[in-house]
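Enquirer: 3D model of this:
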Amino acid sequence: VQLQASGGGLVQPGGSLRLSCAASGFTLDYYAIGWFRQAPGKEREGVSCISSSDGSTYAGSLKGRFTISRDNAKNTVYLQMNNLKPEDTAVYYCATAGRCTGWNLLLYDYWGRGTQVTVSS
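Expert: Residues are numbered from 1 along each chain as shown. Okay, here's the model as predicted:
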């Protein structure tokens, strides 16, 4: 069972990135998938979650800039990030859960290795 986040990189403020969370060894269809991020010196925080029925939730004011989606045929969940700001700089992680019930890390079972997003001019 493995999750792999990818798609990070260096982008200028106002730019966009699309992160991918790909699963291997199991099928994502029946799981909720959450995206989290952790900036240097800060705690890991929730970003967005998509349920197995495609319901989505977003943390704070991220809705409108970030969009989560899933492609079960590709066994992948995406996080489209637009109008990126320097404060979005962090390592982004994806994780599985039974449902999207908030950002308590203990509710998420399998965690992928993160992908670094750096927003800087």
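Enquirer: is the residue lying closest to Leu17 once chain neighbours are set aside in a bridge, and if so with what?
Expert: Nearest non-adjacent residue to Leu17, counting by C-beta to C-beta, 6 or more residues apart in numbering: Met81, 5.1 Å away. For the C-beta atoms, the positions are set from N, CA and C on the backbone; glycine is no exception. Counting by DSSP bridges, Met81 forms beta bridges with Leu17, Phe66.
Enquirer: which residues touch Met81?
Expert: Under the criterion of C-beta atoms under 8 Å, 6 or more residues apart in numbering, the contact list for Met81 reads 16-19, 65-66, 88, 117.
Enquirer: Ok, Val47 next?
Expert: Residues counted as contacts of Val47 (C-beta under 8 Å, 6+ apart) are 34-37, 58-59, 62, 66, 79, 92.
Enquirer: Tell me which of the residues you listed fall in strands.
Expert: Within the contacts of Val47, residues falling in strands by DSSP state E are 34-37, 58, 66, 79, 92.
Enquirer: Give me the buried entries from these.
Expert: Using 16 or more other C-beta atoms under 10 Å as the burial test, the ones in strands among the contacts of Val47 include 34-37, 58, 66, 79, 92 as buried.
Enquirer: which one of the residues you listed is nearest Gly9?
Expert: Tyr92 (11.1 Å; C-beta to C-beta).
Enquirer: ok, the closest one touching Gly114?
Expert: Yes: counting by C-beta atoms under 8 Å, Tyr92 does reach Gly114; the two are 5.8 Å apart.
Enquirer: any shared contact partners between the two?
Expert: 5, 8.
Enquirer: most centrally placed residue in this protein?
Expert: Trp35 (2.6 Å; C-alpha atoms, centre = their mean).
Enquirer: Tell me which helix or strand the residue lying closest to that one once chain neighbours are set aside sits in.
Expert: Closest residue to Trp35 apart from its sequence neighbours, by C-beta to C-beta, 6+ apart: Val47 at 4.2 Å. For Val47, the element it lies in under DSSP states H and E is strand 45-50.
Enquirer: That strand pairs with which strands?
Expert: Strand 45-50 is paired, per DSSP bridges, with strand 32-38 (antiparallel), strand 56-58 (antiparallel).
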